[in-house]
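**Q** sequence and predicted model, in that order:
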Amino acid sequence: MKVPECEEIYIGGDFNGHVGRMNDGYERVHGGRGYGVRNRDGEALLEAALAFDLAIANTFYQKREQHLITYRSGLHSTQIDYILLRRNRLKSAKDCKVIPSESLVSQHRLLLLDLTLKVQSLNKSPKPPVRTKWYRLDDREVAAEFRERVVGKMIEMGDMVGMGVNECWSEMAMWVRSVARDVLGETKGKRKIEKDTWWWNEERHLEVDSDNNIIMTDKCSSCGKFVASSDGVKCSKCNTVHHKQCVNVSANSKVGPKWYCKTCKRKPTYADNGETSGDVPRLAEPSSLSEEIKLLRSEINSLRKDIMSVISSTNTELQNRLEVIEERLSKLENQHPLENPTQSVDINKTIERL
């Protein structure tokens with residue numbers, strides 16, 4: 001055949017021949033899973049398939065009889081419809097079977113072949129034209145060499161007599177382009193320009209306001225979403241940004257120059273200067289009277305907890321000591337009973353007072 005090897009070949013139809021179940025002598029083109037008994041027409045088909053190196057796809061898959069029979073007429077059933085393809089492309093075929101419930105034409109059943117084809121996508125985008133690196137003229141050494149060669153050509157053209165303006169212009173333009181290619185070089189435009197993005201990180205985001213001005217915003221520390229400059233508040237202590245809605249601040253309210261998030265409000269800050277005396281730290285100046293009251297209240301609560309812990313530990317220690325003394329005293333009384341019982345009463349009172 002005069003079909004190029006790069007092209008696919010698929011032949012299907014009614015060959016009116018029986019290739020049979022066995023593949024003796026035709027193992028390359030017959031899979032050994034056919035139907036019926038081979039006849040002369042089937043043998044001629046196998047000879048042609050072997051000559052052109054075509055595989056009969058029907059015979060390479062293990063199927064039930066009803067999925068092999070392609071022709072049925074009354075009580076007569078046979079396999080006479082086949083699909084042929086290149087033997088080296090047999091791996092691309094995934095399955096080949098007959099659908100018994102569908103009739104393609106009268107008494108013939110539908111034969112299907114599942115294929116996996118590799119399709120190469122064509123690059124439709126045009127290639128960028130080759131461009132001269134004119135920006136290299138900013139280099140003084142390169143610009144000097146370019147100027148020297150162009151001026152030399154202009155001096156040579158000054159002696160030309162009898163040339164028209166268009167001829168001189170065309171020759172000079174061709175010379176300038178040739179010198180630019182040699183001195184400056186060319187580019188195909190495939191190199192990606194590295195943009196200056198030193199200010200960009202994962203926490204930054206771009207936003208466009210009503211005047212089409214780009215505004216850089218941060219992420220909300222509460223919900224993790226980006227915050228617009230008009231819809232956020234910033235903590236004066238930890239510099240975290242929050243949505244007004246996330247921190248229960250009305251959208252129309254104006255926040256003062258000093259605003260603290262919930263975390264910073266729970267942790268009182270202390271002034272670290274030379275005016276404080278002793279080991280007791282002094283509270284830093286809050287932004288309002290209500291914040292000052294909250295800070296003082298939290299300090300009083302922490303001091304109360306410290307006092308109660310000290311009192312409870314001291315009380316437990318004294319009670320343990322008292323129990324030890326009472327135990328020792330009871331042992332002494334059992335060993336040496338007192339003659340005057342009033343003394344024991346006085347001692348008991350003294351112990352209770354302690």
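**A** On my side now, so go ahead. This one's a predicted model, so the numbers in the text were calculated from it and none came from an experiment.
**Q** contacts for stretch 246-257?
**A** 220, 222, 223, 231, 233, 236, 244, 245, 261, 262, 287 (CB atoms under 8 Å, 6 or more residues apart in numbering). Glycine gets a C-beta too; all of them are placed from N, C-alpha and C.
**Q** what mean pLDDT would you report for that stretch?
**A** On average, the pLDDT along stretch 246-257 is 78.
**Q** okay, that stretch in PDB with CA atoms only?
**A** Output of stretch 246-257 as PDB, limited to C-alpha atoms (Å, rounded to 0.1, in the frame of the first residue of the first chain):
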ATOM      1  CA  CYS A 246     -15.500  41.100  62.700                       C
ATOM      2  CA  VAL A 247     -14.800  43.300  65.800                       C
ATOM      3  CA  ASN A 248     -18.300  44.600  66.300                       C
ATOM      4  CA  VAL A 249     -17.600  48.100  65.000                       C
ATOM      5  CA  SER A 250     -20.400  49.800  63.000                       C
ATOM      6  CA  ALA A 251     -19.500  50.400  59.300                       C
ATOM      7  CA  ASN A 252     -20.300  54.200  59.500                       C
ATOM      8  CA  SER A 253     -18.500  54.900  62.800                       C
ATOM      9  CA  LYS A 254     -15.200  56.600  62.800                       C
ATOM     10  CA  VAL A 255     -12.400  55.000  64.800                       C
ATOM     11  CA  GLY A 256     -10.000  57.200  66.800                       C
ATOM     12  CA  PRO A 257      -6.200  57.300  66.200                       C
END
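**Q** now do the lengthiest strand in the chain: everything it contacts.
**A** The longest strand of the chain (DSSP state E) is strand 93-105. If you take CB under 8 Å, 6+ apart as the criterion, strand 93-105 is touched by 57-58, 60-61, 63, 66-70, 83, 85, 109-116.
**Q** just these: which are in strands?
**A** 83, 85, 109, 110, 111, 112, 113, 114, 115.
**Q** pLDDT value on the residue nearest to the second one when sequence neighbours are not counted, please?
**A** Distances taken as CB to CB, 6 or more residues apart in numbering place residue 10 nearest to residue 85, at 5.2 Å, with adjacent residues excluded. On pLDDT, residue 10 comes in at 91.
**Q** equivalent analysis for residue 18, please.
**A** Residue 18 is given a pLDDT of 92.
**Q** how about the one 10 residues further on?
**A** With respect to pLDDT, residue 28 scores 92.
**Q** neighbours of it, how many?
**A** 14 (other CB atoms under 10 Å).
**Q** returning to what we had before: neighbour-wise, which one of the ones in strands among the contacts of strand 93-105 leads?
**A** residue 111 (23 neighbours).
**Q** now the helices for the protein?
**A** 40-51, 140-158, 165-183, 262-266, 289-335, 341-353 (DSSP state H).
**Q** buried residues, the third one. List them.
**A** I take that to be helix 165-183. 175, 176, 179, 180, 183 (16 or more other CB atoms under 10 Å).
**Q** how much space between residue 261 and residue 4?
**A** Computed as CB to CB, to the nearest Å, the residue 261 to residue 4 distance reads 74 Å.
**Q** on that earlier part again, which one of the ones in strands among the contacts of strand 93-105 is nearest residue 298?
**A** For the ones in strands among the contacts of strand 93-105, the minimum distance to residue 298 (CB to CB) is 74.9 Å, reached by residue 114.
**Q** poorly predicted segments of the chain, please.
**A** Where the chain drops to pLDDT under 70, the residues are 1, 102-104, 122-124, 158-161, 189-217, 229, 266-289, 336-354.
**Q** how is it divided into domains?
**A** In the domain annotation for the chain, the residue ranges read 10-115, 131-187, 205-265 (automatic domain parsing).
**Q** what's the closest of those to residue 331?
**A** Per CB to CB, nearest to residue 331 of the domains of the chain: domain 205-265, 58.7 Å.
**Q** returning to that earlier point: including distance to residue 151, could the buried residues of helix 165-183 go into TSV?
**A** TSV is the format used below for the buried residues of helix 165-183 (distance: CB to CB, whole Å):
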residue	distance to residue 151
175	11
176	11
179	11
180	14
183	13
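**Q** lovely, talk soon.
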